[in-house]
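A.B. asks: Need a 3D model of the following:
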Amino acid sequence: MQSALPVVRALASRTTRVQRAQRRSVASKTTTLAFNSNLSVSSLKNSSKRLYHTSNVSRGFQDTPVGFRRRAEAGQPVGAHLIPMINKLQEIFAMVGTEIDLPQLVVVGSQSSGKSSVLENLVGRDFLPRGSGIVTRRPLILQLNRTDPGAPEYAEFMHKPGVKLSNFEQVRQEIDAETDRKAGKNKGVSNDPILLRIYSPNVLNLTLVDTPGITRIPVGDQPVDIEQQIREMIYQYISKPNAIILAVTAANQDLSTSDALKIAREVDPDGSRTIGVLTKLDLMDKGTDASGILLGRHLPLSNGWIGIVNRSQQDINQRKSIQDALSAESDFFSHHPNYRNLTDRTGTGVLGERCSKLLTDHIKKTLPKLRSQISEMIKRRRAELEAYGEPIVLDNAAAKGWQMLQILNNFSQDFRAAIEGSNTADFDTKELNGGARIRYIFSESFAKSLNELKSTSGLSTSDIRTAIRNAAGPKPALFVPEKAFEQLVKRQIELLRDPALLCVDQVHAELLRIVASLDAKDLSRFPKLRERIVDVGTSVLKRSLKETTKMIDTLIKLELSWINTSHPDFTAVNILMQQQVPPSQDHQDDYRATQTQQNTRNTEESGGGIFAALFGGGKKPEPAPAPAPPTPKLPSGSRWNEPPPTIRIDDTQITEREKQQINLIKGVLDSYFNIVKKNLQDYVVKAVMLSLVNYIKENLQRELVAALYKEDLYSDLLFESEDISVKRRVAREELEALQK
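C.D. replies: Have a look, this model is predicted:
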């Protein structure tokens, strides 16, 4: 198999050498002309321009079949050696299965425009299928390779390597047979190309793609959208920037309706890579000619127009040879009054030279990019081959054990690197992954969930009033009972449990994703081992999840176990001092009498907590027991006004004092709830890192070795499928073809 990178290097090096030689040769010959003929400066410039043409004419390279062959024998345009090298690259890329935009000529035209005749004239042989309707039903990639003078002519198909066909009638039959194999026998089409190489001393080095003729009416097995399918097939080739388009149009039709020109302009609006080919010039109406088009006066193209004469259907039926057809073409142009002075724009020989020169120039421009593309392909193939690793000796237990340890160690290290972000080779610039996603869960998802919870979330005014009255018991509340505050704040702390557990679940899911998606070195070739590694990692994470959930539950219980109203960040004192709630009118006398006395008592004696300490409230001094009043007796027939089974507070009847109490409760709830949120935001993250993330990061390798590093498991877990072996061999062959 040829190597691609050396071919490209040779292309670049040889192109440079030829260009230097060409400049030296032109300078030398120009100087000789100046000294020998005493030419003026303007004559010197004109002589330089005519030099190439003069040398060809002096050798007898006229537009005749003999002149066409002499060009091939004596030499081609400078740089024509590049085309065979591009052909080799095309074969290599076809074997590798990679599509690279290589420079090539693409022939397009409608049915019966003379495309096949153009190609056969360039080759000098009858080898293309003939018939009515659509004949070319698959793209034909035609590589023309010039051989040494006297060498035999033969053709070779890529799908039949090594089979040389010197009988070109067999070439025609093989094209028909191969077309039928892919496209069927009833006019169907296929975009799968046929690659044909022709070796001959009578051709110019060229690479052409013959596309199916554009048709509009479906026949046979053709689908109703046959025109659209053929156009898309042609677009596949001509839309590539390195494609040079040969737009073939019959001269005896209106050029403004030319399908070839229309489709070429859609992808090449400025015409910089389009050559116009006018066929059937001999069939134009008498009194008309195409000289205006060939001279660029009508429908000008950057690369100009070339006029040729095809064999007619009668010539084909009478088996007129290509050589005779080329002679007839030369006679037609040399004797036609309007074409005999357009020798640089007419004839098959001129078309071949123009195509060869354009293709060569295009190759020179694409060499740097082509080299970088091949280097990138080598890099990908090398990485693919490394992923497949070296085959394991099945009867060597020590080798299997070493391989098993290597894979387990590599997986553990890659897992750690994915979490820590230390694997610089796999940095992704499009999205977060690994440890960065875990950080996002902590700093964005979990933090946002906590911040969305407010101290009064799910807590209504009725709930607060009910809590205050229930905490006060049968006596009217002199101050806000601290039990009401504790009951309400514990209820709100419970709301923080779900976001904390959700954070644990999200981190656990992310770690599972890393384990399942990690593609450690050599692991892809052993599917059973990969499955077991994922199972072990999942099991470790499941145990860690259980422990982490318990730890989160403990953190919530810690916050519920003691409401620390002495916390330095608890601002309830300021809130209470700002919003002191005076006692009701019934208790004002008692309030004044006991204010001074209660401020000196211990909080524990009063039983009122922080609220009683600030307001001096608490238990009132119990008066001396008074004589019990006589028990009243109900009148005969009276009944008690029994309370309803469920008593709810009426929110429409809120006193001013109750409003102040509610605001006071909300203020202290908010202060303490924020303290708890801050504590949990810190400790939940630490708990998750300790018992989930860091645990599996530090213990995964030990768990894997304990579960899988067993000699009786080697054969089963390290079994490599035949598919992997084939892929390794193909990757190695492709790498050898591409690299030095």
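A.B. asks: mind checking the SS state of residue 144?
C.D. replies: strand (DSSP: H, G, I helix; E, B strand; the rest coil).
A.B. asks: quick one: it and residue 202 touch, right?
C.D. replies: No - Residue 144 is beyond contact range of residue 202, at 9.8 Å (criterion: C-beta atoms under 8 Å). The way it works is simple: take the backbone N, C-alpha and C, and place the C-beta from them, glycine included.
A.B. asks: Of those two, give the one with the bigger neighbour count.
C.D. replies: Between residue 144 and residue 202, counted using other C-beta atoms under 10 Å, residue 144 has the larger neighbour count: 26 against 20.
A.B. asks: how close does that one get to residue 137?
C.D. replies: 22 Å (C-beta to C-beta, to the nearest Å).
A.B. asks: Off-centre distance for stretch 385-405?
C.D. replies: Stretch 385-405 sits 33 Å away from the centroid of its parent chain (C-alpha atoms, centre = their mean, to the nearest Å).
A.B. asks: now do stretch 498-514
C.D. replies: Distance of stretch 498-514 from its chain centroid, counting by C-alpha atoms, centre = their mean, is 28 Å.
A.B. asks: so who does residue 105 touch?
C.D. replies: 206, 207, 208, 209, 243, 244, 245, 246, 355, 358, 359 (C-beta atoms under 8 Å, 6 or more residues apart in numbering).
A.B. asks: Now do stretch 154-163: everything it contacts.
C.D. replies: 91, 94, 127, 164-166, 168, 171, 174, 178, 194-199.
A.B. asks: Those residues: which two are farthest apart?
C.D. replies: Largest separation among those by C-beta to C-beta: 94 and 166, giving 23.8 Å.
A.B. asks: neighbour-wise, which of those two wins?
C.D. replies: residue 94 (14 against 11).
A.B. asks: pLDDT at that one, what is it?
C.D. replies: On pLDDT, residue 94 comes in at 59.
A.B. asks: Let me see the ranges of the strands in the stretch 151-300 of the chain.
C.D. replies: Applying DSSP state E, counting those that start in this stretch to the stretch 151-300 of the chain gives strands spanning 154-157, 194-200, 206-210, 243-250, 274-279.
A.B. asks: Partner strands of the second one, with direction?
C.D. replies: Just to be clear, that refers to strand 194-200. With DSSP bridges as the test, strand 194-200 is paired with strand 140-146 (parallel), strand 154-157 (antiparallel).
A.B. asks: quick one on the thing from earlier: in a markdown table, list the strands of the stretch 151-300 of the chain along with mean pLDDT, distance to residue 523 and mean neighbour count.
C.D. replies: Formatted as a markdown table, the strands of the stretch 151-300 of the chain follow (pLDDT from 0 to 100; distance: least, C-beta to C-beta, whole Å; neighbours: other C-beta atoms under 10 Å):
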| stretch | mean pLDDT | distance to residue 523 | mean neighbour count |
| --- | --- | --- | --- |
| strand 154-157 | 94 | 41 | 19 |
| strand 194-200 | 91 | 38 | 20 |
| strand 206-210 | 86 | 43 | 23 |
| strand 243-250 | 91 | 42 | 25 |
| strand 274-279 | 92 | 52 | 24 |
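A.B. asks: Tell me which of these sits nearest to residue 421.
C.D. replies: Judged by C-beta to C-beta, the one of the strands of the stretch 151-300 of the chain that comes nearest to residue 421 is strand 243-250, at 44.7 Å.
A.B. asks: helices or strands up against that closest one?
C.D. replies: strand 104-108, helix 115-123, helix 259-267, strand 274-279, helix 348-388 (3 or more C-beta pairs under 8 Å, 6 or more residues apart in numbering; DSSP states H and E).
A.B. asks: among those, which is the most enclosed?
C.D. replies: Of all those, strand 104-108 has the most neighbours on average by mean count of other C-beta atoms under 10 Å, namely a mean of 27.
A.B. asks: still on that earlier bit, next, format the strands paired with strand 194-200 as CSV and append distance to residue 735.
C.D. replies: What follows is the strands paired with strand 194-200, written out as CSV (distance: least, C-beta to C-beta, whole Å):
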stretch, distance to residue 735
strand 140-146, 24
strand 154-157, 26
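A.B. asks: So which of those strands is nearest residue 256?
C.D. replies: strand 140-146 (28.9 Å).
A.B. asks: Do you know the pLDDT at residue 727?
C.D. replies: 79.
A.B. asks: So it: helix, strand or coil?
C.D. replies: Assignment for residue 727 (three-state DSSP): helix.
A.B. asks: I'd like the distance between it and residue 715.
C.D. replies: Per C-beta to C-beta, residue 727 is found 21 Å from residue 715.
A.B. asks: For the two, work out which one has more neighbours and name it.
C.D. replies: residue 727 (17 against 12).
A.B. asks: tell me the contacts of the closest residue to the more buried one other than its chain neighbours?
C.D. replies: Spatial nearest neighbour of residue 727, excluding adjacent residues (C-beta to C-beta, 6 or more residues apart in numbering): residue 388 at 6.1 Å. With contact taken as C-beta under 8 Å, 6+ apart, residue 388 is in contact with 524, 525, 724, 727, 728, 731.
A.B. asks: Can you redo those residues as JSON lines, where the extra columns are distance to residue 548?
C.D. replies: Shown next, in JSON lines, are those (distance: C-beta to C-beta, whole Å):
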{"residue": "524", "distance to residue 548": "31"}
{"residue": "525", "distance to residue 548": "35"}
{"residue": "724", "distance to residue 548": "38"}
{"residue": "727", "distance to residue 548": "41"}
{"residue": "728", "distance to residue 548": "42"}
{"residue": "731", "distance to residue 548": "43"}
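A.B. asks: Most neighbours out of these, which is it?
C.D. replies: Result: residue 525 is most packed of the contacts of residue 388 (other C-beta under 10 Å), 23 neighbours.
A.B. asks: Please give me every residue in contact with residue 408.
C.D. replies: Residue 408 touches 533, 701, 704, 705, 708, 709, counting by C-beta under 8 Å, 6+ apart.
A.B. asks: now do 10 Å
C.D. replies: Taking C-beta atoms under 10 Å, 6 or more residues apart in numbering, we find residue 408 in contact with 520, 523, 529, 533, 536, 700-705, 707-709.
A.B. asks: Provide the secondary structure category for it.
C.D. replies: helix.
A.B. asks: Give me the neighbour count for residue 655.
C.D. replies: Neighbour count for residue 655, taken as other C-beta under 10 Å: 9.
A.B. asks: before we move on, the earlier item: out of the strands paired with strand 194-200, flag the one nearest residue 316.
C.D. replies: Among those, if distance is taken as C-beta to C-beta, the winner is strand 140-146, at 18.6 Å.
A.B. asks: Just the buried residues of the closest one, please?
C.D. replies: 140, 141, 142, 143, 144, 145, 146 (16 or more other C-beta atoms under 10 Å).
A.B. asks: Also stretch 493-502?
C.D. replies: 493, 495, 496, 497, 499, 500, 501.
A.B. asks: what does stretch 321-334 give?
C.D. replies: Quick answer for stretch 321-334 (16+ other C-beta under 10 Å): 322, 325, 326, 329, 330, 332, 333.
A.B. asks: In terms of secondary structure, what does the one helix or strand the fourth one maps to contact?
C.D. replies: So the one you mean is residue 329. Using DSSP states H and E, residue 329 sits in helix 322-335. Under the contact criterion of 3 or more C-beta pairs under 10 Å, 6 or more residues apart in numbering; DSSP states H and E, helix 322-335 touches helix 65-74, helix 115-123, strand 305-307, helix 313-317, helix 348-388.
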